[in-house]
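Asker: Following is a predicted model, sequence given first.
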Amino acid sequence: MSSVRDLKKDINYVLGDIIEAVYVWEYENTDKDTKKSEAIIDEAIETFDELIAKVNTRDVENVKAHFKAINKELEDRGKALIEKINKLG
């Protein structure tokens, strides 16, 4: 299991890359409405805040299982956001 610092970095990198992908899409599609893409950015920021709050939770019985669940949630929510970006086109 990776360290807490590595998990926080993973959360930051994954969601940061998703936000960057939305910005690239917006840049390449200036003629399209950005309401849906802005909603994806807002959802990514909200996901970031929620996952970091879970990482910082101190009163956990099984720390390893807790972090594994956070990592799984990051993966699932990241994939869902990427699917939303792919549907923008």
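Answerer: Now that the structure is in, tell me what you want to look at. Numbering: from 1, shown residues only.

Asker: contacting residues around residue 66?
Answerer: Going by Cβ atoms under 8 Å, 6 or more residues apart in numbering, residue 66 touches 54, 57, 60. To be clear about C-beta, it is placed using only N, CA and C from the backbone, and glycine gets the same treatment.

Asker: Which of these sits closest to residue 41?
Answerer: Checking those against residue 41 with Cβ to Cβ, the nearest one is residue 54 at 20.7 Å.

Asker: from what I can see the closest one touches residue 71, true?
Answerer: No: the criterion here is Cβ atoms under 8 Å, and residue 54 misses it with residue 71 at 10.6 Å.

Asker: List the buried residues of stretch 23-32.
Answerer: residue 25 (16 or more other Cβ atoms under 10 Å).

Asker: what mean pLDDT would you report for it?
Answerer: The average pLDDT for stretch 23-32 rounds to 95.

Asker: outside of that stretch, which residues touch it?
Answerer: Residues from elsewhere that reach stretch 23-32, judged by Cβ under 8 Å, 6+ apart: 34, 37, 85, 88, 89.
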